[in-house]
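Peer 1: no FASTA, just this:
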C-alpha cells in the first residue's frame with residue numbers, strides 16, 4: 001500500500017481506537033471529556049496569556065524556554081504514559097506488509113489527532129503571536145509553528161519506538177506507575193520557578209533563552225522573533241535547524257521501526273546464561289535477623305523493590321518528603337520543623353500492611369496461630385520500614401537544617417521527627433489490622449471498588465491519631481522555648497522524642513497483634529477483593 005493510501009487508513013484507525021475506547025464505559029467517557037475540557041480551557045487561557053505578553057521587552061526570553069519544556073514533555077510522555085495511545089506500540093503492525101517510510105508518514109499524521117497536539121498547537125500559536133511583528137515574521141512564525149509541532153510529535157514517536165520493548169515489559173509498567181513522582185517533582189519545580197520569576201522578572205531568563213533559541217523545537221518558534229528584528233538569515237538558520245532535527249528524528253524513527261519489524265523479540269530467546277537467571281538477595285538475607293523476623297523483613301523489602309504499586313508509593317514518599325522541606329528552605333521560607341514532613345510521608349507506608357499481600361495473604365495467615373505470631377509479623381514489617389525511614393528522615397532533617405543554618409535546632413527537629421515516625425508506625429499497625437483494604441494489581445487505582453471509605457478511615461484517621469499522640473512532645477517543645485532558660489535544654493528533645501516514638505511503636509504493635517490474630521478471615525476477605 002502506498003503512503004498516500006496508508007495515511008487515511010491509519011488516521012481512521014486512530015479515530016476508531018479513540019471512539020471504541022470511549023464506548024467501553026460511561027466512567028471512562030466522562031473522564032476523557034472532563035480531562036479534554038480542562039486541557040482545552042487551560043490551552044485557551046494560556047493562549048490569552050501569551051497574546052497579552054505581546055510587546056513585552058523580554059517576551060522572547062520566556063517563549064524559548066517554554067517551547068523547550070513542551071518539547072521535553074513530549075519526549076518523556078511515552079515513557080511514563082505508554083498506555084495513553086494504543087498506536088504508540090508499532091509491534092502490533094509487525095504482521096502487516098508495510099514498509100517503514102510510508103508507515104512513518106501515516107503514524108505521524110495519526111499522531112496529530114488528539115487533545116495533546118491541539119493543546120501544543122495553541123501554545124505554539126500564542127508564542128508566535130507574542131513575539132512576531134510584521135507580515136514576514138508571521139509567515140516565518142506559521143512555518144515555525146508547523147515545524148515545532150512536527151518535531152514534538154516525531155520526538156515522542158522516536159522515543160516510544162526506541163523503548164517499546166521496555167514499555168511493554170514489567171519494568172516499563174513500573175516506570176509508568178512512577179509517573180506520579182514526575183508530576184510531583186514537576187509541580188514543585190514549576191512553583192519554585194514561578195516564584196523566582198515573580199520576584200525577579202523575565203529578564204532572569206535571558207541567558208537561558210540565548211541558548212535554547214538554537215535548540216529545536218524552540219528554534220522554530222524563535223525564528224519569528226528573529227524575523228521581527230530583521231535578522232532574516234538567523235530566522236532561516238533556525239528554521240533549517242528545526243527541519244534538520246525533524247529529518248533526523250524521522251530517520252531514527254524509521255530505523256527503529258525496521259529493527260522492530262525484522263528482528264526477533266529478545267523475550268522469546270533462551271536465557272543468557274546463569275547471570276540472567278534468579279538473582280537472589282542472599283547477601284541481604286545474611287544481614288537480617290534469623291527466624292521469622294528476618295524472613296518477613298526480606299519479604300517486605302522485596303515488595304518495595306519489585307511490586308510496582310509498592311515501589312511507586314515508596315519512591316513518591318521519598319521524593320516528596322525531601323522536596324517539600326528542601327524547596328522551602330531553598331526559597332528562604334522554610335523551617336527545620338518542615339523536615340518532619342519526611343517522617344510523615346514515610347510513616348504512611350505502615351498503613352494497610354496486609355493490603356499489599358492481596359489474595360496471597362492466605363499464606364501469611366497460615367503462619368499466624370497465636371497473638372505472639374501476629375506480633376512478630378507486625379514487628380518485622382515495622383523493622384523493615386525503619387531500615388529505610390529512620391536514616392532517610394534523619395538525612396532530610398540534617399539537610400534542611402544545614403540549608404537554613406539553624407544547627408542549634410537540629411536536636412529538637414530530630415526528636416519531633418522520631419516521635420512522629422513512632423506514632424505513625426503505631427497507628428499504622430493498628431489500622432492495618434482494623435481497616436485493611438485491597439490494592440488492585442492492574443490499573444492506576446490504589447483502592448478496590450467499594451473500599452474507598454476504609455482507605456480514608458485508615459489513612460486519614462491514623463494520621464490524625466498520630467498527630468494527637470505527638471502532642472506531648474510538641475507541648476514540651478513549646479514549653480522549653482517559652483521558658484527563659486529553656487533554649488539551653490532543647491537538646492533533651494532528641495532522646496525524649498526517640499524514646500517516646502519507640503514506646504509508641506511498641507505499644508501500637510502490642511495493641512494491634514491480638515486484633516490481627518483474631519481477624520485473619522476478615523483481613524483475607526478484605527485484601528482479596530482487588
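Peer 2: Looks like it arrived, so ask away. On a predicted model such as this, the values are computed, not experimentally measured, just so you know.
Peer 1: and the helices in the stretch 251-400 of the chain?
Peer 2: 282-287, 292-306, 308-330, 340-347, 361-366, 371-404 (DSSP state H, counting those that start in this stretch).
Peer 1: verify the contact between residue 329 and residue 406 for me.
Peer 2: No. Using CB atoms under 8 Å, residue 329 makes no contact with residue 406, being 9.6 Å away. To be clear about C-beta, it is placed using only N, CA and C from the backbone, and glycine gets the same treatment.
Peer 1: identify the residue spatially nearest to residue 104, adjacent ones excluded.
Peer 2: Among residues not flanking residue 104 along the chain, residue 254 sits closest, at 5.0 Å (CB to CB, 6 or more residues apart in numbering).
Peer 1: what's the burial count for that neighbour?
Peer 2: Applying other CB atoms under 10 Å, we find 19 residues neighbouring residue 254.
Peer 1: quickly find the element holding residue 508.
Peer 2: Residue 508 belongs to helix 493-518 when assigned by DSSP states H and E.
Peer 1: need the residues that contact stretch 64-76.
Peer 2: Outside of stretch 64-76, the residues within contact range by CB atoms under 8 Å, 6 or more residues apart in numbering are 120, 123-124, 127, 148, 151-153, 155-156, 159, 182, 205, 208-209, 212-213, 215-218, 221-222.
Peer 1: would you mind listing the buried residues in that stretch?
Peer 2: Residues 64, 65, 66, 67, 68, 70, 71, 73, 74 are the ones in stretch 64-76 that count as buried (16 or more other CB atoms under 10 Å).
Peer 1: and that stretch, what's its mean pLDDT?
Peer 2: When pLDDT is averaged along stretch 64-76, the result is 88.
Peer 1: same check, this time on stretch 134-152
Peer 2: 93.
Peer 1: what of stretch 489-503?
Peer 2: Mean pLDDT, stretch 489-503: 91.
Peer 1: returning to that earlier point: which elements pack onto the helix holding residue 508?
Peer 2: In terms of contacts (3 or more CB pairs under 8 Å, 6 or more residues apart in numbering; DSSP states H and E), helix 493-518 is packed against helix 371-404, helix 410-434, helix 471-482.
Peer 1: deepest in the core, which of the ones you listed is it.
Peer 2: Among the helices and strands packed on helix 493-518, helix 410-434 has the highest mean neighbour count (mean count of other CB atoms under 10 Å), at a mean of 27.
Peer 1: sorry, back to before: who has more neighbours out of residue 329 and residue 406?
Peer 2: Neighbour totals were compared for residue 329 and residue 406, and residue 329 leads with 22 against 15 (other CB under 10 Å).
Peer 1: any idea how far residue 335 is from the more buried one?
Peer 2: Separation of residue 329 from residue 335 (CB to CB, to the nearest Å): 8 Å.
Peer 1: please apply the same query to residue 476.
Peer 2: Relative to residue 335, residue 476 is positioned 18 Å away (criterion: CB to CB).
Peer 1: hang on, the earlier thing: buried stuff in the helix holding residue 508?
Peer 2: Buried residues in helix 493-518, counted by 16+ other CB under 10 Å: 493-494, 496-498, 500-501, 504-505, 508-509, 512-513, 515-517.
Peer 1: where in the stretch 251-400 of the chain is pLDDT low?
Peer 2: 261, 263-285 (pLDDT under 70).
Peer 1: ok, the stretch 1-150 of the chain next?
Peer 2: Looking at the stretch 1-150 of the chain by pLDDT under 70, you get 1-4, 21, 24-28, 31, 79-95.
Peer 1: returning to that earlier point: what about the helices of the stretch 251-400 of the chain, which gets the closest to residue 237?
Peer 2: Closest approach to residue 237 among the helices of the stretch 251-400 of the chain (CB to CB): helix 308-330, 37.9 Å.
Peer 1: give me the phi and psi for residue 353.
Peer 2: phi -60, psi -40 (degrees, to the nearest 10).
Peer 1: surely it and residue 378 touch.
Peer 2: Yes. Residue 353 is in contact with residue 378 according to CB under 8 Å; the separation is 7.2 Å.
Peer 1: list the residues that contact both of those two?
Peer 2: 429, 432.
Peer 1: tell me which residues in the helix or strand containing residue 39 are buried?
Peer 2: Assigned by DSSP H and E, residue 39 falls within helix 26-52. Within helix 26-52, the residues scored as buried using 16+ other CB under 10 Å are 43, 46, 47, 50.
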